[in-house]
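Have a look; sequence and predicted model below, questions after that.
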Amino acid sequence: MSSVLRPPASGQDPTTAGHYRPVSSYLAIAPPVSVVIPAMNEAENLPYVFKTLPDWIHEVVLVDGNSTDGTVEVARDLWPGVRVVAQDGRGKGDALITGFEACTGDIIVMVDADGSADGNEIVSYVSALVSGADFAKGSRFANGGGTDDMTFVRKLGNWALCTVVNRKFGARYTDLCYGYNAFWRHCLDKIDLDCTGFEVETLMNIRVVKAGLKVQEIPSHEYLRIHGTSNLRAVRDGLRVLRVILGERSNRRELRRRSHHSPMLDSVRGEVS
């Protein structure tokens, strides 16, 4: 993994300073960061999404789900260098998998296209990764996080599903069904994503734990969707998430074995609270 770098001294040529990307006045990173945005008819929301994205990211990959409202044209106008990838299948999971395959960065960040995520938080995710985590998992319920966009029923369902995952797989998550996450590209080789719908985040969260990857939760605030209506259906998609959880075989015995031999897994359990 690449490490955190200090910005060069005043007047120093950046090209001789490790090809760093300045993140702030005191932090710079070497690894390129790709941001994946799955979108279908989100033209009205993209201006809010793109204006919060930091200018130091390596690339934006927009996965277009056959939009008919000018989503692609708006994206290209807002971010001229955007990489647009057409989605052949259907569903959020399929869109994300398509976007991941198109990324060229070492770090991949998942951002929803409805304006609910604050791109300014990306620095927190990237900082966790360059500091040693494999997977930086956004949480609306970790200390410092929050949500403006969850009904009581959805909160209850998320809590119940999260509790099942924690007990079955030995995780310590505070949030389960949240789409704002970041990870090193090498994680994709170990989690083998094979779903198409909104259950994709849950599947990722389960499989990174099963793979013994080092996870760190990042407090995140989820805002209301700005325009349009979500394709998420609480009961329907909640049942799909539950089927994924029940369909994944628990490997807690293997996790316990690793915990006695691997300091990395101890870090996973200590940092995912």
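Done, it's in.

what does the longest helix seen in the chain contact?
Longest helix in the chain by number of residues (criterion: DSSP state H): helix 152-169. By C-beta atoms under 8 Å, 6 or more residues apart in numbering, the residues outside helix 152-169 that reach it are 147, 150, 171-177, 202, 205-206, 209-210, 234, 238, 241-242, 245, 248, 250-252, 255. Glycine gets a C-beta too; all of them are placed from N, C-alpha and C.

Buried among those residues? Make that a PyMOL selection.
In PyMOL, a selection of the buried entries from the contacts of helix 152-169 looks like this (16 or more other C-beta atoms under 10 Å):
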select buried, resi 147+150+171+172+173+174+175+176+177+202+205+206+209+210+234+238+241+242+245+248+251+255
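
just checking, which of the contacts of helix 152-169 belong to strands?
Counted as lying in strands by DSSP state E, out of the contacts of helix 152-169, are Thr147.

isn't Gly105 right up against Glu59?
Yes: in this structure, Gly105 is within contact of Glu59 by C-beta atoms under 8 Å, at 6.2 Å.

Enumerate every residue touching Asp94.
Counting by C-beta under 8 Å, 6+ apart, Asp94 touches 87, 196.

Give me the phi and psi angles of it.
The phi and psi values for Asp94, taken as degrees, to the nearest 10, are phi -60, psi -40.

circling back: please identify the buried residues of the longest helix of the chain?
154, 157-158, 161-162, 165-166, 168-169.

Now do the contacts for Cys103.
Contacts for Cys103 (C-beta under 8 Å, 6+ apart) come out as 34, 36, 59, 61, 185.

Relative to Ser67, which of those is nearest.
Checking these against Ser67 with C-beta to C-beta, the nearest one is Val61 at 15.1 Å.

Show me what the helix or strand hosting that closest one packs onto, helices and strands only.
Element membership for Val61 (DSSP states H and E) is strand 59-64. Where contact means 3 or more C-beta pairs under 8 Å, 6 or more residues apart in numbering; DSSP states H and E, strand 59-64 is packed against strand 33-39, helix 71-78, strand 83-86, helix 92-102.

what is the rounded mean pLDDT of the longest one?
The average of the pLDDT scores along helix 92-102 is 95.

and the angle from it to strand 59-64?
Angle of helix 92-102 versus strand 59-64, following axes from the mean of the first three to the mean of the last three C-alpha atoms, to 10 degrees, is 140 degrees.

Flag every buried residue along helix 92-102.
By neighbour count with 16+ other C-beta under 10 Å, helix 92-102 contains the buried residues 92-100, 102.

Give me the residues contacting stretch 179-193.
Under the contact criterion C-beta under 8 Å, 6+ apart, stretch 179-193 has outside partners 1, 92-93, 96-97, 100, 103, 105-112, 117, 121-122, 125-126, 128-129, 134-138, 200-201, 203-204, 207-208, 211, 213, 218, 220, 222.

Buried ones among those?
Buried members of the contacts of stretch 179-193, counted by 16+ other C-beta under 10 Å: 92-93, 96-97, 100, 103, 105-112, 117, 121-122, 125-126, 128-129, 134-138, 200-201, 203-204, 207-208, 213, 218, 220, 222.

Out of those, name the ones that lie in helices.
With helices taken from DSSP H, the overlap with those comprises 92-93, 96-97, 100, 122, 125-126, 128-129, 200-201, 203-204, 207-208.
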